[in-house]
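# only geometry, no sequence info:
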């Protein structure tokens, strides 16, 4: 493989370095893809939680509003009756 002048050795090292660099780049992009997918998943989960919290607040508010309307209705009917 080596003929003594070092050219084969330089070529072999260059090929090995390129393969190693290629593997590192590929590995980096695979990890980066997983990180981005994780961020997207977390964003979707947070938006779902925010929507649930908003729905809970709206339900609580509308329930209080309905109770208030019923109370006002009862007050009005009591005034009419008396």
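Nice, thanks for sending it over. Since the structure is predicted, the reported quantities are computational estimates derived from the model, not experimental observations.

# what residue ranges in the chain score low on pLDDT?
1-7, 44-82 (pLDDT under 70).

# In contact with residue 27, which residues?
By CB atoms under 8 Å, 6 or more residues apart in numbering, no residues touch residue 27. Placement of C-beta: from N, CA and C, glycine included.

# what about it, distance to residue 38?
Remark: distance between residue 27 and residue 38 (CB to CB, to the nearest Å) = 17 Å.

# Next, count neighbours for residue 9.
By other CB atoms under 10 Å, 13 other residues sit near residue 9.

# again with the one 10 residues further on
Residue crowding around residue 19 was assessed by other CB under 10 Å; the count is 10.

# Let me know the helix or strand that it is in.
Taking DSSP states H and E as the definition, one finds residue 19 inside helix 7-81.

# Okay, buried residues for stretch 19-34 please.
For stretch 19-34, the neighbour count (16 or more other CB atoms under 10 Å) marks no residue as buried.
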